[in-house]
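> turn this into a model:
(one chain, ligands or ions: 1)
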Amino acid sequence: MNALVAEASEKEKVIITEKKMVTGAQGLLLSLLEEGVDTIFGYPGGAIMPIYDALYDFADQLKHHLVRHEQGGAHAAQGYARITGKPGVCFATSGPGATNLITGIADAQIDSTPLVCITGQVASHLLGTDAFQETDVLGVTMPVTKWNYQVTRADEIPEAIAKAFYIATSGRPGPVLIDITKDAQNAKFEFEYKKCKRISSYYPVPKLNEKAIAAAAELINNAKKPYVLWGQGVLLSNAQEDLKAFIEKAGIPAAWTILGLAGLPTDHPLNVGMLGMHGNYGPNLLTNECDVLIAVGMRFDDRVTGDLKCYARQAKIIHIEIDPAEINKNVRADVAVNADAKVALQALLPLINENKHEAWLQKFRDCAKIEYEKVIAPEILPTEGKLKMAEVMHLVSELSEGKAVIVTDVGQHQMVAMRYYNFKDTRRSNITSGGLGTMGFCLPAAMGAKVGAPDRQVIAVIGDGGFQMTLQELGCIFQYQIGVKVLILNNNFLGMVRQWQQLFHQKRYSFTEMVNPDFVGIAKAYGITANKVTQRETLESSIQAMLDHEGPYVLEVVVEKEDNVFPMVPAGDSVSNIRLS
Ligand SMILES: Cc1ncc(C[n+]2csc(CCOP(=O)(O)OP(=O)(O)O)c2C)c(N)n1
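Residues are numbered from 1 along each chain as shown. This next block holds a predicted model:
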């Protein structure tokens, strides 16, 4: 109760301390404090006014950031959650406020990000009457939330919030939404809070199957060409060190999905690179040569597997995964280990033999050499022509010493950033929209990440298309002086779609060319320092100036219009058919 007592008016203090009576709105905020929340991203409106009114008294403990669009609020909460590991909290009003959250919620669902979204709702006596700003937000969010619930009585609030936090963070994390009617926000009740520790018929923490662990260890110990693929599950269970110990002991090459990136330093000798459509040559090609494939905390997304009919058919598959629904969904597991990545890796470690698979590793090195000569060197070290996205990212990596948090949007720049940033810091250093591929994610997510990790250098890498989807969050960045560095790689095209049009639609550039505004002017109008680079000679000093700047900064780099990202596995093709050009 101390929070409310500290902030409430003298008159209220007496009432609250003596009777512990609070409004639903106050009860919500007290519940959030009980869950350790100190940061909220949100946007007010009629149906959530009582909550915002109560927030006025809690401003010191609950730092609310007024975003400029609810989608930005959801993405900011995602960025905050992804960097801190704590659930991100966002507020929105009913109707359009709630529906504006949906993209962020769906993104969080597919990328396993814990969110607690609070929406205001019309008063309960108006439910179902098509009242002003009434939307069936439960119905709308049902398929994209891990759980949602409508509160119509103030005294339900603490229990609903306790459940929300438990569900969002346990097992495979995900978004939850609590919709609170206006009368429930206003009504008084006696506040009491109990954290949720279990819910009947919900078993988020699987019991480790020792037999499966033993079977996995046996396969690994007898393998000649074992291969680890890791995903975000490693980061979500903080198993970076466990993964390293495991692959180092058994001498196994390991490749990452785009959500697993930075779980190991990029230049670790056993880190062979990126999987998937624009991943590295060896990691894709040799998937179809390994004899035991060990998937850790990843879900065999189609962007990773390509055509399943010719995906790792020769290999025995070990699938370590916390969500039982993912096991045998896309790829059949010979050994299924339904477990948290850290628990499984720690159980496996003593059972696996020390090993070195020199000849097998050499195959990855040989592929890497081919890719370096054919693709990477010309991309990062061009001496003439327009600037290339890869050389920009290569320089950003060098100048920030591989220690920054890189937040990306969706498109060519996203793939390039992941391919060419040399991550040295394995603390959650890569944030992207992987599963949903949401343009507009980056700017607000980077903002949320910087709020969650103010001491880290956070760089938002965005295309000219995606930037224009949520650029209004420059307003929020300016208002709270959130020191994000925004790097726009401007090719004046919806580049990734243009690349597909070039390669698969006979260069018919149907509605992908962009006539862009003055991005520097826009940033400056928001009060943010900005600069534009077009020449190779000034690229390095401009990036350095951005990195050295104290507060928020926008750097627009004009790059080659028709730059392509290679290698590429054409959509739906076999990973063996990866193209270098
Ligand atoms: C909300 C949304 N709409 C459409 C798409 C389809 N899409 C994927 S990449 C892309 C082009 C992105 O262009 P830009 O932001 O300029 O980045 P670039 O590819 O040029 O680096 C589009 C339109 C999407 N991913 N998300």
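
> how near is the residue in the stretch 251-400 of the chain that the ligand sits nearest to to residue 135?
Distances between the stretch 251-400 of the chain and the ligand by Cβ to the nearest ligand atom are smallest at residue 389, namely 7.1 Å. For glycine as for every other residue, the C-beta is placed from the backbone atoms N, C-alpha and C. Separation of residue 389 from residue 135 (Cβ to Cβ, to the nearest Å): 40 Å.

> the more surrounded of these two?
residue 389 (26 against 19; other Cβ atoms under 10 Å).

> which parts of stretch 477-490 are buried?
The neighbour-count check on stretch 477-490 (16 or more other Cβ atoms under 10 Å) flags 477-478, 480, 482-490 as buried.

> among the residues you listed, which are in reach of the ligand?
When contact is defined as Cβ under 6 Å from any ligand atom, the buried residues of stretch 477-490 meet the ligand at residue 489.

> among the buried residues of stretch 477-490, which are located in helices?
The members of these that map onto helices under DSSP state H are 477-478.

> where's residue 78, which helix or strand?
Following DSSP states H and E, one finds residue 78 within helix 70-84.

> may I have the strands that pair with the helix or strand following that helix, each with its orientation?
Moving toward the C-terminus from helix 70-84, the next helix or strand (DSSP H and E) is strand 88-92. Paired strands of strand 88-92, with direction, are strand 39-42 (parallel), strand 115-121 (parallel) (DSSP bridges).

> what's in contact with stretch 446-460?
By Cβ atoms under 8 Å, 6 or more residues apart in numbering, the surrounding residues in contact with stretch 446-460 are 39, 41, 65, 72, 75-84, 86, 88, 396, 400, 403-409, 431, 442-443, 445, 473, 476-477, 480, 482-487, 547.

> filter these to the buried ones?
39, 41, 65, 72, 75-84, 86, 88, 396, 400, 404-409, 431, 442-443, 445, 473, 476-477, 480, 482-487, 547.

> ok, residue 455 to residue 77 distance?
20 Å.

> list the contacts of residue 417.
Residue 417 touches 393, 406, 408, 461, counting by Cβ under 8 Å, 6+ apart.

> kindly recompute the last result at 10 Å.
Contact analysis of residue 417 by Cβ atoms under 10 Å, 6 or more residues apart in numbering lists 258, 261, 389-390, 392-393, 396-397, 406-409, 430, 432, 442, 459, 461-462, 487, 489.

> in stretch 411-430, what's buried?
Applying 16+ other Cβ under 10 Å to stretch 411-430 flags 411-421, 423-426, 428-430 as buried.

> filter those residues by proximity to the ligand?
Restricting these to those touching the ligand (Cβ under 6 Å from any ligand atom) yields 411-413.

> looking at those, which one is closest to the ligand?
Nearest member of those to the ligand, counting by Cβ to the nearest ligand atom, is residue 411, at 2.4 Å.

> spatially nearest residue to the closest one, not counting backbone neighbours?
residue 496 (4.1 Å; Cβ to Cβ, 6 or more residues apart in numbering).

> and the host helix or strand of the one you found, what's buried?
Secondary structure from DSSP H and E places residue 496 in helix 495-504. The neighbour-count check on helix 495-504 (16+ other Cβ under 10 Å) flags 495-499, 501 as buried.

> which parts of the stretch 251-400 of the chain are helices?
With helices called from DSSP state H, counting those that start in this stretch, the stretch 251-400 of the chain shows them at 281-285, 302-305, 341-348, 358-371, 377-380, 389-399.

> ok, the buried residues of helix 495-504 vs the ligand, which is closest?
Using Cβ to the nearest ligand atom, residue 495 comes nearest to the ligand of the buried residues of helix 495-504, at 2.4 Å.

> need the helices of the stretch 251-400 of the chain in JSON lines with mean pLDDT, can you?
Shown next, in JSON lines, are the helices of the stretch 251-400 of the chain (pLDDT from 0 to 100):
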{"stretch": "helix 281-285", "mean pLDDT": "98"}
{"stretch": "helix 302-305", "mean pLDDT": "97"}
{"stretch": "helix 341-348", "mean pLDDT": "98"}
{"stretch": "helix 358-371", "mean pLDDT": "98"}
{"stretch": "helix 377-380", "mean pLDDT": "96"}
{"stretch": "helix 389-399", "mean pLDDT": "98"}
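
> hang on, residue 438 packs against residue 408?
No: taking contacts as Cβ atoms under 10 Å, residue 438 lies outside contact range of residue 408: 11.1 Å.

> which neighbours do the two have in common?
By Cβ under 10 Å, 6+ apart, residue 438 and residue 408 have these common neighbours: 432, 445, 466.

> of the residues you listed, which is the nearest to the ligand?
residue 466 (3.6 Å).

> neighbours of the closest one, how many?
26.

> next one: residue 249
Residues near residue 249, counting by other Cβ under 10 Å: 15.

> so who does residue 271 touch?
Neighbours of residue 271 in contact, by Cβ under 10 Å, 6+ apart: 228, 230, 244, 247, 253-256, 261-265, 283, 364, 423.

> out of those, list just those in strands.
When DSSP state E defines the strands, the subset of the contacts of residue 271 inside them is 228, 230, 254-256.

> ok so, going back, would you turn the ones next to the ligand among the buried residues of stretch 411-430 into JSON lines with pLDDT and secondary structure?
What follows is these, written out as JSON lines (pLDDT from 0 to 100; DSSP: H, G, I helix; E, B strand; the rest coil):
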{"residue": "411", "pLDDT": "98", "secondary structure": "coil"}
{"residue": "412", "pLDDT": "98", "secondary structure": "helix"}
{"residue": "413", "pLDDT": "98", "secondary structure": "helix"}
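
> just for the stretch 151-300 of the chain, where's the confidence low?
Applying pLDDT under 70 to the stretch 151-300 of the chain flags no residue at all.

> what ranges do the strands span in it?
175-181, 188-190, 226-230, 254-256, 271-274, 292-296 (DSSP state E, counting those that start in this stretch).

> possible to save those strands as JSON lines with distance to the ligand?
Output for these, formatted as JSON lines (distance: least, Cβ to the nearest ligand atom, whole Å):
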{"stretch": "strand 175-181", "distance to the ligand": "18"}
{"stretch": "strand 188-190", "distance to the ligand": "41"}
{"stretch": "strand 226-230", "distance to the ligand": "24"}
{"stretch": "strand 254-256", "distance to the ligand": "21"}
{"stretch": "strand 271-274", "distance to the ligand": "17"}
{"stretch": "strand 292-296", "distance to the ligand": "25"}
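
> okay if I get these as JSON lines plus distance to residue 199?
Shown next, in JSON lines, are the strands of the stretch 151-300 of the chain (distance: least, Cβ to Cβ, whole Å):
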{"stretch": "strand 175-181", "distance to residue 199": "12"}
{"stretch": "strand 188-190", "distance to residue 199": "22"}
{"stretch": "strand 226-230", "distance to residue 199": "30"}
{"stretch": "strand 254-256", "distance to residue 199": "33"}
{"stretch": "strand 271-274", "distance to residue 199": "38"}
{"stretch": "strand 292-296", "distance to residue 199": "27"}
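
> show me the one of those strands that comes nearest residue 330.
Of all the strands of the stretch 151-300 of the chain, strand 292-296 sits nearest to residue 330, with 10.3 Å by Cβ to Cβ.

> angle of that closest one against strand 226-230?
Angle of strand 292-296 versus strand 226-230, following axes from the mean of the first three to the mean of the last three Cα atoms, to 10 degrees, is 20 degrees.

> between the ones next to the ligand among the buried residues of stretch 411-430, which is nearest residue 190?
Nearest member of these to residue 190, counting by Cβ to Cβ, is residue 411, at 52.2 Å.

> show me the contacts for that closest one.
By Cβ under 10 Å, 6+ apart, the neighbours of residue 411 are 437, 439, 442, 462-466, 489, 491, 493-499, 565.
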